[in-house]
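> below is the sequence, then the predicted model.
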Amino acid sequence: MSASTDQDALEIPEADISGAGGRYIAEPKGRDYERIRAAGIAMKWMVNVSQFRAVEVVRRDTGTFESAKAEHRITLASLVANGEVIHRMILKGAPVPIMGFSSDDFEATLSMLRETQCLEYGHPANPDRKNSVKALLGVT
């Protein structure tokens, strides 16, 4: 799983709804539209997290986790960053159940990813984190 795949997966293309037998179909607007949009994006994000965790398990089981640690860090950072944006979208509207999970489930998943990031790569406030990330990525 690559970081660019995660980024692409969060983009939701706008549907062309101008047809329908020559009649214009109104696009939902306002708060309801934003809630529906946020729910769709959150659902895709949760699927991405599930896929990320599945790849993580396979890599740990097969002993390839350490060799893929740079990709893991980038993908994890992307998921956390995208999750923060989606979380703000959800907070703007009323919490809605999203395909079998709630906004509380979303927040717990985001919190779990943040914790994983801190445990694997150090707390953001740790001065050694920057150097360890540079070494991990082979950057001088």
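Noted; the coordinates are in hand.

> tell me the buried residues in the lengthiest helix in the chain?
Longest helix in the chain, counting residues (DSSP state H): helix 30-62. Using 16 or more other CB atoms under 10 Å as the test for burial, helix 30-62 gives 35, 38-39, 41-46, 48-49, 52, 55-56, 59. Any C-beta I mention is one placed from the backbone N, CA and C, and that applies to glycine too.

> what does stretch 69-85 give?
72, 73, 74, 75, 76, 77, 78, 79, 82, 83.

> nearest to residue 121, of these?
Nearest to residue 121 among the buried residues of stretch 69-85 is residue 73, at 5.9 Å by CB to CB.

> right, and that closest one touches residue 120 too?
Yes - if you go by CB atoms under 8 Å, residue 73 and residue 120 touch, sitting 7.2 Å apart.

> sorry, back to before: packing partners of the longest helix of the chain?
helix 3-9, helix 69-92, helix 103-121 (3 or more CB pairs under 8 Å, 6 or more residues apart in numbering; DSSP states H and E).

> adding mean pLDDT, write those helices out as TSV.
Output for these, formatted as TSV (pLDDT from 0 to 100):
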stretch	mean pLDDT
helix 3-9	43
helix 69-92	89
helix 103-121	88
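
> closest one to residue 138 among the ones you listed?
Ranking the helices and strands packed on helix 30-62 by proximity to residue 138 (CB to CB) places helix 69-92 first, at 7.7 Å.

> and the angle from that closest one to helix 30-62?
Taking axes from the mean of the first three to the mean of the last three CA atoms, to 10 degrees, one finds helix 69-92 and helix 30-62 inclined to each other by 160 degrees.

> name the helices or strands packed onto helix 69-92?
Where contact means 3+ CB pairs under 8 Å, 6+ apart, helix 69-92 is packed against helix 3-9, helix 30-62, helix 103-121, helix 127-137.

> so for residue 87, which of these sits nearest?
helix 103-121 (5.9 Å).

> send me the closest one as PDB with only the CA atoms.
Extracted C-alpha coordinates of helix 103-121, given in PDB (Å, rounded to 0.1, in the frame of the first residue of the first chain):
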ATOM      1  CA  SER A 103     -18.200   9.200  14.600                       C
ATOM      2  CA  ASP A 104     -17.000   7.800  18.000                       C
ATOM      3  CA  ASP A 105     -15.600   4.800  16.100                       C
ATOM      4  CA  PHE A 106     -13.900   7.100  13.700                       C
ATOM      5  CA  GLU A 107     -12.300   9.100  16.500                       C
ATOM      6  CA  ALA A 108     -11.100   5.900  18.200                       C
ATOM      7  CA  THR A 109      -9.600   4.700  15.000                       C
ATOM      8  CA  LEU A 110      -7.800   8.000  14.400                       C
ATOM      9  CA  SER A 111      -6.600   8.000  18.000                       C
ATOM     10  CA  MET A 112      -5.200   4.400  17.500                       C
ATOM     11  CA  LEU A 113      -3.300   5.500  14.400                       C
ATOM     12  CA  ARG A 114      -1.800   8.500  16.300                       C
ATOM     13  CA  GLU A 115      -0.700   6.100  19.100                       C
ATOM     14  CA  THR A 116       0.800   3.700  16.600                       C
ATOM     15  CA  GLN A 117       2.700   6.700  15.100                       C
ATOM     16  CA  CYS A 118       4.100   7.700  18.400                       C
ATOM     17  CA  LEU A 119       5.000   4.200  19.500                       C
ATOM     18  CA  GLU A 120       6.700   3.300  16.200                       C
ATOM     19  CA  TYR A 121       8.400   6.600  15.400                       C
END
